[in-house]
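*Asks:* got a predicted structure here, sequence first:
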Amino acid sequence: MVSFLLELSARLAENGIPDARFEAQCLTEHITGDRFTPPSPAQAEEIRTLAQRRIAGEPLQYLLGEWEFYGMRLFVGEGVLIPRPDTETLIDAVKERLADKPPHCILDLCTGSGCIALALQKLFPAAEVHAVDLYDTALSYARRNCVLHRLPVRLHKGDVLDAAFCGTLPEADMIVSNPPYITDAEMRTLQREVRREPETALRGGKDGLLFYRKMIPLWKQKLRPGGMLAFEIGETQGKAAADIFREHAFQNIEILPDLAGNDRIVLGTCGKYEGGITDGKSQNHQNKGKEACDVSGTDHEGREESSP
């Protein structure tokens, strides 16, 4: 087993794969089922085939078919954005600010794999969580992840830039999103692995702020008084994104760093947040008896992204 891992690690490292030892262990365990059992000849060949695909530029997460986010194992694959540790900063920010005043309703826009919506549903089990994406592939992964974790996130197919679709969703105490924010110039310099992820989940226009300019005024109208809006941002976009929040009269605006100290989250409120369940009751009982991840009847016709 040790000699096989050394051979595989060396092969990956020679071809420019960072953390070659870790990736060799991941690929081996994916096929053998554990990190201690030596692979059979057939399994060794299968592992080497996966390693060759990794060398050719396929993301490790796609090869494994799953990845971890906020302590949850999530299905991922071609056509869906890979969950990243940076995004966990968004979950922590919401958790800290709403711990004493749990929200009744949360909207997650551009949900992708559903990682943000699922993490928040676990943190706030009494909340009604709605997650939106335009693309069928992303929604298929989000649906599988809802079922895997038995969480009643409500999935909607729709365009987050469409005012008519916006009007079909309920008012919320918290709206969160990890929208596309990579600039056109940055798109040309992305690592080859990142270029295998859907461009529609990455490209945010010339300066990366296209979605913020359109989504903030559109979705502000869905916030209850004192509701909070929180976005993930690129590491150079803190001030510009905060300025858009100010332009639309948000209060209590914060720019928060990730673990590396880079700007990663901008959030603000529509006035003072007093808690989501203003009537002292949660309407989450409406979810009871429904299967996890109902697909809303308000689905709009979408378009399927082409393979990267």
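*Replies:* Arrived safely.
*Asks:* how near is the residue nearest to Q221 when sequence neighbours are not counted to P225?
*Replies:* Once flanking residues are discounted, Q221 sits nearest to C166: 7.4 Å by C-beta to C-beta, 6 or more residues apart in numbering. C-betas here are computed from N, CA, C, even on glycine. According to C-beta to C-beta, to the nearest Å, C166 stands 18 Å off from P225.
*Asks:* before we move on, what about F165?
*Replies:* Computed as C-beta to C-beta, the F165 to P225 distance reads 23 Å.
*Asks:* and if you look at P83?
*Replies:* 32 Å.
*Asks:* now do R195
*Replies:* According to C-beta to C-beta, R195 stands 43 Å off from P225.
*Asks:* and what of L12?
*Replies:* 54 Å.
*Asks:* who's more crowded, these two?
*Replies:* L12 (23 against 13; other C-beta atoms under 10 Å).
*Asks:* the more buried one against I55, yeah?
*Replies:* Yes. L12 is within contact range of I55, at 6.9 Å (criterion: C-beta atoms under 8 Å).
*Asks:* three-state assignment of I265?
*Replies:* Three-state call for I265 (DSSP: H, G, I helix; E, B strand; the rest coil): strand.
*Asks:* P102 too?
*Replies:* P102 ends up coil, using three-state DSSP.
*Asks:* what's the domain layout of this protein?
*Replies:* 2-56, 82-287 (automatic domain parsing).
*Asks:* for D108, helix, strand, or coil?
*Replies:* D108 is classified as strand under three-state DSSP.
*Asks:* contacting residues around it?
*Replies:* Contacts for D108 (C-beta atoms under 8 Å, 6 or more residues apart in numbering) come out as G114, I116, A117, L120, V129, H130, A131, V132, V153, I175, V176, S177.
*Asks:* contact partners for the third one?
*Replies:* The neighbourhood of A117, defined by C-beta under 8 Å, 6+ apart, consists of I106, D108, T111, V129, H130, A131, A142, V153.
*Asks:* let me have the contacts of D108 in CSV, extended by secondary structure, distance to T37 and pLDDT.
*Replies:* Converted to CSV, those look like this (DSSP: H, G, I helix; E, B strand; the rest coil; distance: C-beta to C-beta, whole Å; pLDDT from 0 to 100):
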residue, secondary structure, distance to T37, pLDDT
G114, coil, 32, 98
I116, helix, 35, 98
A117, helix, 36, 98
L120, helix, 37, 98
V129, strand, 39, 98
H130, strand, 43, 98
A131, strand, 38, 98
V132, strand, 42, 98
V153, coil, 36, 98
I175, strand, 46, 98
V176, strand, 41, 98
S177, strand, 42, 98
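*Asks:* run a quick neighbour tally on the nearest residue to R264 once chain neighbours are set aside.
*Replies:* Spatial nearest neighbour of R264, chain neighbours left out: D258 (3.8 Å); criterion: C-beta to C-beta, 6+ apart. Around D258 there are 19 other residues, counting by other C-beta under 10 Å.
*Asks:* report pLDDT for D258.
*Replies:* pLDDT, D258: 94.
*Asks:* contacting residues around it?
*Replies:* P85, D86, T89, E235, R264, I265 are the contacts of D258 under C-beta under 8 Å, 6+ apart.
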